[in-house]
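Engineer: kindly return the folded structure for what I paste below:
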Amino acid sequence: MKPEDWVQMCKKNKWNNVELRDGRYNQVIHMVSAAKGAEHFYDVQNHVSRTEGIELARHLDDLTAQVFDLPRFLIRSTMLERDVPYILGYKSKNLR
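Structural biologist: Numbers count the residues shown, from 1 in each chain. Okay, the predicted model is just below:
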């Protein structure tokens, strides 16, 4: 969606970005793809849901990160079972 289309849609529906983000979500976790920082793990040949090349994937990661103005976590790991609870626990402790 073009930025100007988003602005127009928000005006039409009387929305604003902060209320949409803070009023709808308790937590937002943006996990970047391997295209940023773990390039040797990034491929489209052996991944059924990944179709974009590495440059487009990096660009899409950047665009997604711009949507939310939240603290950034840098975890270089393939162990999601461990990492997601860690992030959620960190956020929970710091919100009290």
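Engineer: shaky segments in this structure?
Structural biologist: 26-28, 30, 68-83, 87, 90-96 (pLDDT under 70).
Engineer: repeat that with 50
Structural biologist: Where the chain drops to pLDDT under 50, the residues are 92, 95-96.
Engineer: which one in it is furthest away from the centre?
Structural biologist: Outermost residue of the chain with respect to the C-alpha centroid, by CA atoms, centre = their mean, is Lys12; its distance is 25.9 Å.
Engineer: now do that one against Gly23, distance only.
Structural biologist: Distance from Lys12 to Gly23, counting by CB to CB, to the nearest Å: 18 Å. Just so you know, the C-beta spots here come from the backbone N, C-alpha and C atoms, and that holds for glycine as well.
Engineer: following element in sequence after the helix or strand in which the residue farthest from the centre of the chain is found, please.
Structural biologist: Assigned by DSSP states H and E, Lys12 belongs to helix 3-13. Once the chain leaves helix 3-13, the next helix or strand it forms, by DSSP H and E, is helix 17-24.
Engineer: if we can go back for a sec, counting by contacts, list what the helix holding Lys12 packs against.
Structural biologist: For helix 3-13, there is no helix or strand it packs on, judged by 3 or more CB pairs under 8 Å, 6 or more residues apart in numbering; DSSP states H and E.
Engineer: just the angle for it relative to helix 17-24, thanks.
Structural biologist: Interaxial angle, helix 3-13 versus helix 17-24 (axes from the mean of the first three to the mean of the last three CA atoms, to 10 degrees): 70 degrees.
Engineer: buried residues, helix 3-13. List them.
Structural biologist: Within helix 3-13, no residue is scored as buried using 16 or more other CB atoms under 10 Å.
Engineer: touching it from outside, list them.
Structural biologist: Under the criterion CB atoms under 8 Å, 6 or more residues apart in numbering, residues 15-17 lie in contact with helix 3-13.
Engineer: stretch 34-51 too?
Structural biologist: 33, 52-55, 57-58, 61, 76, 78.
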